[in-house]
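Student: Attaching a predicted model along with its sequence, questions to come.
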Amino acid sequence: MVRFTNSVRGRLMLRSGVIVLLLSVRFAGAAELAGKVTNEQGAPLPYAPVQVRQEESSSPAFGVNADSTGVFVIRNVPPGRYLISADYVGHDPWREIIELREPLRTVEIVLRTRPIRGQDIVVTAVRRLEATTAASVSVSLVTDDELEYRGVRSLDQALETLDGLQVFRSHSVATNSVSIRGSSDVLGGGVGNRVLLLVDGRPALNTDSGGQSWSLVPIGAVERVEVVKGAFSALYGSSAMGGVINLITRDPLGTPETRLVARYGAFEKPPAWMQYRSGLADFAETSVLHADHRGSTGWLVYAAHNRSDGHREASDYSVWQAYGKVAHTVFPGLEIGGSVGGGRSHAGYPHRWKSLLEPLKVPDEKKQDRQNKGWWNLDLTTKAGTLEHGLWNAGLYTYGMESATQQPVAGLSSSVTSQRMGSRLQWQKQLAGFLTQTIGGEGSLDFVRSDSVLYGNRSARNAALFSLSEVLFATGQRLDFGIRGDYTSLPGKATETLVNPKLGLTVPLGKTFFVRASVGRAFRSPSIAERYLVLEPAGGTEFAPNDSLRPEKMKSYELGLTHDLSPVLKMDVAAFVNDYDDWIYWRELPVQTDGRYRFQVANLLKVRMSGVDAQATLEPFQGFSLALNYLYLRAEDRTPGRSNPTIPYRPRHTFSGVVVFTHGRLRNTVVVRGRSRVEEEVFAAYQVDAPRGFVLTNLRTDYSLRRWLTFSLEANNVFNVQYEEMARFRMPGRSFSVGLAMKR
């Protein structure tokens with residue numbers, strides 16, 4: 001019995017020792033670090049990246065992204081001392097040293113909202129959150145705080161001071177073109193657009209012209225604007241040639257907020273010889289936003305009305321907008337949501353000036369021309385899982401626009417209604433500590449209904465599959481390789497199938513010094529308007545349809561660096577070369593027997609856009625910041641046999657600067673922007689009136705009357721510069737406005 005008891009005791013001791021040994025071995029290489037990322041109000045920060053790096057070690061950092069509720073788990077962490085860090089857009093970075101000794105360590109990460117600017121994290125470059133320094137392409141970012149203190153009221157204003165971008169307008173709210181590194185044309189209506197616009201990652205282009213649908217999301221519902229430059233068809237498909245602009249809307253599960261904004265102003269009265277009206281031309285806007293959440297459900301509603309008499313004849317407008325968004329966390333790791341929006345506008349039709357001596361008037365026969373527009377969108381989304389175990393993103397969406405133009409004197413009227421219905425599915429997983437894989441697919445149906453004088457009734461089908469692999473090497477380098485295949489089908493026409501790859505590399509040369517390089521291929525399918533346009537309604541120009549248009553193709557090369565020269569001075573510089581083939585442009589056909597001119601859209605040119613863009617930020621002390629941006633662009637027509645190598649509307653130099661000074665309750669903002677002259681006009685008859693170079697200055701002062709109430713005073717175009725961004729379209733002179741913003 002004693003022997004048996006001792007035997008049993010011995011076996012129990014042996015087994016206990018084995019269990020202790022196994023637990024020790026498990027902990028030695030498999031500890032877990034878990035926690036939650038929130039802001040000061042306790043609201044979760046979804047998908048925030050959390051990284052750990054062993055203290056006093058040259059090994060690279062590793063980590064995960066939190067899930068949709070801010071919860072994260074990092075497994076297989078050896079015991080030791082670690083620097084744990086977390087970053088999130090619009091918040092100060094969080095850093096802490098921890099000692100990891102037990103098998104499970106929990107950490108609560110609370111990020112403080114940053115009042116001025118956050119440029120650390122973006123989602124567009126690799127379809128998930130990553131630091132801008134890790135991106136292999138040039139990235140620019142504008143947050144809602146910057147939109148507020150600059151007094152931005154439209155998306156084109158948000159973009160006009162970013163490096164590498166150029167905006168062309170026919171009047172203050174009619175954006176003809178947003179161009180990245182010289183990519184897009186200024187033909188109007190979005191034709192010739194080579195910049196892809198996204199809203200929360202899904203396309204937002206007019207299905208008839210291919211231009212950006214800026215009105216689909218009001219500026220007050222935007223949390224940040226991300227811009228990535230270069231060929232991105234490997235991730236996003238057609239039109240992502242110059243780059244991608246992604247509008248990230250506010251998160252309903254974020255910080256609760258109620259905001260009411262009112263503004264009133266007027267344009268300075270021009271000299272008597274320039275006046276087109278006897279009274280003062282004024283403008284006003286009101287908007288309201290409310291965002292809140294109860295438990296796991298959050299919602300956001302926004303409404304706005306803007307109106308203006310216009311700074312010149314036929315530039316008046318009245319715009320109504322509404323937008324709503326909801327999100328619900330079913331359980332940790334599963335979130336569903338949706339958004340709906342719409343609006344209407346009534347405006348004068350933008351026409352060129354009557355003459356150089358009457359730049360604020362339009363021809364007499366154009367004074368009664370009007371344009372009415374309407375738009376709407378509906379989105380349904382879901383997110384499930386985590387990056388570590390597999391993160392799914394899926395969505396269904398539809399959006400549409402309608403436009404009607406009346407030209408009573410000319411006896412012309414036209415209308416067009418366009419709609420897109422689409423779906424998208426994406427899966428991401430961190431397959432190993434060094435490899436992250438993304439795969440997905442998209443599909444859409446486009447419908448256009450228009451008068452026969454435009455392009456009739458048309459439709460198109462689009463489908464795509466894409467893959468992106470991201471590799472993090474032990475020495476800190478990052479390599480990403482993406483590839484995408486796109487299929488487009490138009491009834492009665494041969495299908496188009498294109499495959500576009502992209503390769504990028506980021507190399508750290510120090511803690512704050514990164515070098516990047518990328519090469520990629522992109523394309524743009526001809527729009528319905530380019531294929532089938534019969535009559536351009538603004539000027540009555542006739543076109544011959546061209547159903548044989550081929551997709552444009554482009555090869556992009558970039559070499560750049562990001563460097564923190566000091567704790568207060570940061571810079572980013574990139575050199576680029578973009579080679580376009582089968583560039584789509586207008587060509588003049590032989591004059592008709594009745595003397596009328598006729599044009600056709602065709603694949604005409606081989607074009608090279610090359611240059612350098614740069615940005616620098618300086619924050620020498622708390623309450624002061626300076627941001628400088630510059631673009632040098634060289635645009636060349638390399639088509640064999642062409643005698644004129646100049647491409648229209650590609651100014652060589654574009655620059656801007658933003659200064660913000662805050663002291664106590666007072667905040668002052670100075671925005672300076674300008675560019676050199678336009679060397680070539682689209683039409684030879686307008687060459688003498690090609691826009692000259694200009695420099696503009698805007699001032700804004702905000703004074704906090706209460707913690708929740710702010711008074712603002714603005715002076716735009718302070719020096720009353722008379723200028724055009726497009727030939728014969730005079731832009732606004734000096735204007736003044738006052739505003740009140742209530743925010744709780």
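Tutor: Great, that's in hand. Being a predicted model, the structure only gives us computed values, none of them experimental.
Student: hang on, H171 packs against G310?
Tutor: Yes - judged on C-beta atoms under 8 Å, H171 makes contact with G310 at a distance of 7.1 Å. Heads up, the C-betas are built off the backbone N, CA and C, glycines and all.
Student: Could you give the number of residues near T512?
Tutor: As a burial measure, T512 scores 14 neighbours (other C-beta atoms under 10 Å).
Student: Tell me who's in contact with it.
Tutor: Counting by C-beta atoms under 8 Å, 6 or more residues apart in numbering, T512 touches 563-564.
Student: Phi, psi for it please.
Tutor: Backbone geometry at T512, expressed as degrees, to the nearest 10, gives phi -130, psi 20.
Student: Ok, Y236 next?
Tutor: On the backbone of Y236 - angles per degrees, to the nearest 10 - the values are phi -120, psi -10.
Student: Skipping its backbone neighbours, what lies nearest Y399 in space?
Tutor: Nearest-residue entry for Y399: N377, 3.8 Å, with adjacent residues in sequence omitted and distances by C-beta to C-beta, 6 or more residues apart in numbering.
Student: Check D689 too.
Tutor: Using C-beta to C-beta, 6+ apart, the closest residue to D689 is A727 (4.6 Å).
Student: show me the contacts for the one you found.
Tutor: 352, 678, 681-683, 686, 689-691.
Student: mind checking how far it is from E680?
Tutor: Applying C-beta to C-beta, to the nearest Å, the value for A727 to E680 is 11 Å.
Student: Y630 too?
Tutor: 22 Å.
Student: How about T382?
Tutor: 49 Å.
Student: where's V288, which helix or strand?
Tutor: V288 is part of strand 282-294 when elements are defined by DSSP states H and E.
Student: which residues are in contact with that strand?
Tutor: 43, 153, 218, 220-221, 250, 252-267, 298-309, 735, 737.
Student: do stretch 713-726 as well
Tutor: Outside stretch 713-726, the residues that reach it (C-beta under 8 Å, 6+ apart) are 151, 167-170, 176, 186, 265, 268, 359, 649, 689, 691-692, 694-701, 730-739.
Student: Show me what counts as buried in stretch 401-420.
Tutor: 401-403, 405-407, 412, 414, 416-420 (16 or more other C-beta atoms under 10 Å).
Student: where's the dip in pLDDT among those residues?
Tutor: Across the buried residues of stretch 401-420, the member with the lowest pLDDT is L412, scoring 80.
Student: before we move on, the earlier item: which of the contacts of A727 count as buried?
Tutor: Judged by 16+ other C-beta under 10 Å, buried ones among the contacts of A727: 352, 678, 681-682, 689-691.
Student: Between which two of those residues is the distance greatest?
Tutor: R352 and V678 (14.8 Å; C-beta to C-beta).
Student: hey, what's in contact with both of A727 and E680?
Tutor: Common neighbours of A727 and E680 (C-beta under 8 Å, 6+ apart) are A690.
Student: ok, back up a step: what is the nearest of the buried ones among the contacts of A727 to D446?
Tutor: V682 (27.1 Å).
Student: coming back round to it: how many neighbours does the residue nearest to Y399 have?
Tutor: 23.
Student: Check which helix or strand it maps to.
Tutor: With DSSP H and E as criterion, N377 is part of strand 370-386.
Student: Run through the neighbouring helices and strands of the following helix or strand past that strand.
Tutor: Sequence-wise, the next helix or strand downstream of strand 370-386 (DSSP H and E) is strand 390-407. Using 3 or more C-beta pairs under 8 Å, 6 or more residues apart in numbering; DSSP states H and E as the contact test, the elements touching strand 390-407 are strand 370-386, strand 412-432.
Student: now those as a markdown table including distance to Q212?
Tutor: Formatted as a markdown table, the helices and strands packed on strand 390-407 follow (distance: least, C-beta to C-beta, whole Å):
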| stretch | distance to Q212 |
| --- | --- |
| strand 370-386 | 12 |
| strand 412-432 | 13 |
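Student: of all the ones you listed, which lies closest to A616?
Tutor: When the helices and strands packed on strand 390-407 are compared (using C-beta to C-beta), the closest one is strand 412-432, at 33.4 Å.
Student: Listing partners with orientation, what would you give for the helix or strand just after that closest one?
Tutor: Using DSSP H and E, the helix or strand that follows strand 412-432 in sequence is strand 435-450. Looking at strand 435-450 with DSSP bridges, its partner strands are strand 412-432 (antiparallel), strand 458-472 (antiparallel).
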